[in-house]
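> I need the structure of the sequence given here:
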Amino acid sequence: MSRIGRVERATKETSVVVEVNLDGTGTVDVATGVGFFDHMLAQLGKHGLFDLVVKTDGDLHIDSHHTMEDTALALGTAFREALGDKAGVRRFADAAVPLDETLAQVTVDLSGRPYLVHSEPEGMAPMIGPDYDTTMTRHVLESFVAQARVCLHVHVPYGRNAHHIVEAQFKALARALRAACELDPRAAGVPSTKGVL
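This next block holds a predicted model:
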């Protein structure tokens with residue numbers, strides 16, 4: 001069974017192509033024009049063991065908002081497509097990832113219902129590099145969740161360095177998604193008493 005999702009999304013602001021293989025080896029080919037965001041997507045693929053292709057051409061002459069938002073929407077849609085009916089998946093998973101002084105905790109439910117709870121330390125540096133607005137981390141996760149239709153809780157109880165705080169979140173997300181998407185050899189059918197997710 002192939003668990004691959006491919007999405008093409010085009011608007012007047014962006015053109016996005018995303019392909020994800022849930023049963024990959026962590027091979028990543030990412031180019032959005034936003035360097036730190038590319039670095040975060042690379043973490044998602046590498047630590048999730050997802051083969052991930054992302055090509056985005058966005059209106060970076062305005063800012064990076066549309067580029068990151070539309071990429072996250074397409075990524076969520078590709079994940080949902082790759083999961084199919086979710087038969088045999090573990091569904092629930094969590095991961096805690098430290099990065100020096102920072103700790104990120106992520107819990108995910110492939111519920112079919114989009115919901116995000118997100119907290120991170122206040123007073124972070126407003127920018128990472130020239131074009132990554134740190135307030136976009138939450139919005140990227142909101143956009144992903146909306147289309148992937150997953151319940152996602154992300155909590156960073158402490159941390160000082162903005163780079164570490166954001167990167168730990170993406171690494172923990174990768175590990176939690178990897179575990180939730182894994183096929184459980186003991187599970188038959190969809191892991192819900194409703195019969196659908």
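
> Give the residue spans of the protein that score low on pLDDT.
Residues of the chain that meet the criterion pLDDT under 70 are absent altogether.

> What ranges does this protein have for its helices?
Residue ranges of the helices in the chain, as given by DSSP state H, are 35-48, 65-83, 136-148, 162-181.

> Packing partners of the third one?
Contact partners of helix 136-148 among helices and strands, from 3 or more CB pairs under 8 Å, 6 or more residues apart in numbering; DSSP states H and E: helix 65-83, strand 115-119, strand 151-158, helix 162-181. Where you see a C-beta, it was placed from the backbone N, CA and C, and this is true even at glycine.

> closest to residue 8 out of the helices of the chain?
Distances from residue 8 to each of the helices of the chain were compared using CB to CB; the minimum, 7.8 Å, belongs to helix 65-83.

> about what we covered before: of all the helices of the chain, which lies closest to residue 189?
That would be, of the helices of the chain and by CB to CB, helix 65-83, which comes in at 14.2 Å.

> by contact count, what packs against that closest one?
The criterion is 3+ CB pairs under 8 Å, 6+ apart, and the helices and strands that helix 65-83 contacts are strand 4-10, strand 14-21, helix 35-48, strand 51-58, helix 136-148.

> Show me how far the first one is from its chain's centre.
Yep, that's strand 4-10 we're talking about. Centroid separation between strand 4-10 and its chain, computed with CA atoms, centre = their mean, to the nearest Å, is 15 Å.

> looking at the helices of the chain, which is closest to residue 57?
Between residue 57 and these, the shortest separation by CB to CB is 8.3 Å, and it involves helix 65-83.

> Compute the inter-axis angle for the closest one and strand 14-21.
Going by axes from the mean of the first three to the mean of the last three CA atoms, to 10 degrees, helix 65-83 is angled at 30 degrees with respect to strand 14-21.

> Name the residues of helix 65-83 that are buried.
Neighbour-count burial for helix 65-83 flags 65-83 (criterion: 16 or more other CB atoms under 10 Å).

> Just the residues contacting stretch 92-107, thanks.
Taking CB atoms under 8 Å, 6 or more residues apart in numbering as the criterion, the residues outside stretch 92-107 that touch it are 108-110, 152-161, 164-165, 167-169, 171-180.

> What residues of it count as buried?
By neighbour count, with 16+ other CB under 10 Å as the criterion, the buried positions of stretch 92-107 are 93, 95, 97, 99, 102, 103, 104, 105, 106, 107.

> related to what we said a few turns ago, kindly reformat the helices and strands packed on helix 136-148 as a markdown table containing distance to residue 2.
Supplementary listing: the helices and strands packed on helix 136-148 in a markdown table, determined by distance: least, CB to CB, whole Å:
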| stretch | distance to residue 2 |
| --- | --- |
| helix 65-83 | 9 |
| strand 115-119 | 28 |
| strand 151-158 | 25 |
| helix 162-181 | 14 |
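
> Thanks a lot, catch you later.
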